[in-house]
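Chemist: I need the structure of the sequence given here:
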Amino acid sequence: MPTQYQFFHKDKVEKRDLHLPTEAPVSLTVNGEVWLTFMCTPSQLEALAIGFLFNEGIIQDFSEVADTRICEHGDNVDVWLHHAAKKPAKWTRTSGCTGGMTSVEPRAEPGLARHKINVMLGPKQIPLLLKLLDEHQTLYRQSGGLHTSVLTDGKVSLASAEDIGRHNTLDKIAGTMLMKGSKPKKGLLLTTGRISSEMMQKAIKLGAAVVISRTSPSSMSVELAEEQGITLIGYAKRHRFNVYTHPERFSLSEKMEEA
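Modeler: Numbering: from 1, shown residues only. Presented below is the predicted three-dimensional model:
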């Protein structure tokens with residue numbers, strides 16, 4: 001809902017209706033026990049809860065979920081599993097954004113295979129992928145202040161999410177894929193958010209062979225991408241970008257169009 005705020009421009013002052021990005025506390029209850037509270041944009045809440053449990057290694061498949069319910073006031077997601085689940089003894093605050101939580105150590109989990117899928121990119125594809133990312137920034141166009149992420153096969157969106165927290169967007173994407181009845185598919189992950197080690201861990205769980213961000217990666221995320229065989233591209237704009245890891249997936253046989 002828009003709210004009136006004073007708008008200042010040069011020597012003029014006027015009142016305008018402005019939309020603010022919504023941020024709300026939403027608790028996660030697993031098998032009747034409160035585990036934590038998300039600070040999030042209160043949309044796709046079931047996907048957020050399911051994707052978070054998947055990315056934390058609590059579940060591997062949606063078939064493990066017996067029921068999910070959003071409470072009447074929208075401030076709690078109840079998840080019932082077909083099996084017992086132990087609440088992690090310690091949560092670590094994730095870097096930046098709205099201060100999400102994780103119990104996963106800041107390295108790739110043992111046993112994750114390096115990505116060997118045959119994905120080739122060319123400079124002309126980057127603007128098209130960024131356009132696809134733009135097309136899913138619906139809430140951002142209303143208020144700004146939100147992150148957007150898209151999982152794609154390179155042509156169409158497989159799942160997308162917007163949230164005030166960049167980590168939450170990847171949990172929502174994972175949950176969306178699981179609720180569709182399929183595990184996250186190997187593909188390309190596009191995001192407006194900075195790629196920290198936590199973001200890269202979630203990208204690994206999503207099966208992303210390529211991660212493209214409009215902003216920067218961290219040093220640890222570059223190390224993880226290198227170890228896991230992921231092509232990591234940062235500061236992606238229409239006519240320029242940085243390739244940090246596994247450039248062998250990148251063909252220079254075509255030239256980028258002039259601005």
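Chemist: which stretch of helix or strand covers the spatially most central residue of the chain?
Modeler: With distances taken as CA atoms, centre = their mean, residue 170 lies nearest the centre of the chain, 2.5 Å away. Using DSSP states H and E, residue 170 falls within helix 166-179.
Chemist: could you point out which element follows that helix?
Modeler: strand 187-191.
Chemist: Output that following strand as CSV, restricted to C-alpha atoms.
Modeler: C-alpha atoms of strand 187-191 as CSV (Å, rounded to 0.1, in the frame of the first residue of the first chain):
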residue,chain,number,x,y,z
GLY,A,187,21.3,-24.4,-15.1
LEU,A,188,22.2,-20.8,-14.8
LEU,A,189,21.5,-18.7,-11.8
LEU,A,190,21.0,-15.0,-12.2
THR,A,191,20.9,-12.6,-9.3
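Chemist: Remind me what it packs against, helices and strands.
Modeler: Packing partners of strand 187-191 (3 or more CB pairs under 8 Å, 6 or more residues apart in numbering; DSSP states H and E): helix 125-135, strand 147-152, helix 166-179, strand 208-213. The C-beta positions use only the backbone N, C-alpha and C, and glycine is treated the same way.
Chemist: Could you list the residues in contact with the last one?
Modeler: In this case it means strand 208-213. Identification of contacts with strand 208-213 by CB atoms under 8 Å, 6 or more residues apart in numbering yields 115, 117, 119, 121, 126, 129-130, 151, 186-195, 200, 203, 225, 229-236, 241, 249.
Chemist: pLDDT (mean, whole number) over it?
Modeler: If you average the pLDDT over strand 208-213, you get 96.
Chemist: now swap in the second one and tell me
Modeler: Averaged over strand 147-152, pLDDT sits at 96.
Chemist: care to break the protein down by domain?
Modeler: Dividing the chain into domains by automatic domain parsing, as the record does, gives the ranges 24-89, 125-249.
Chemist: closest one to residue 12 among these?
Modeler: Checking these against residue 12 by CB to CB gives domain 125-249 as the closest, at 21.4 Å.
Chemist: Pipe the helices and strands packed on strand 187-191 into JSON lines and attach distance to residue 74 per row.
Modeler: Shown next, in JSON lines, are the helices and strands packed on strand 187-191 (distance: least, CB to CB, whole Å):
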{"stretch": "helix 125-135", "distance to residue 74": "27"}
{"stretch": "strand 147-152", "distance to residue 74": "20"}
{"stretch": "helix 166-179", "distance to residue 74": "15"}
{"stretch": "strand 208-213", "distance to residue 74": "30"}
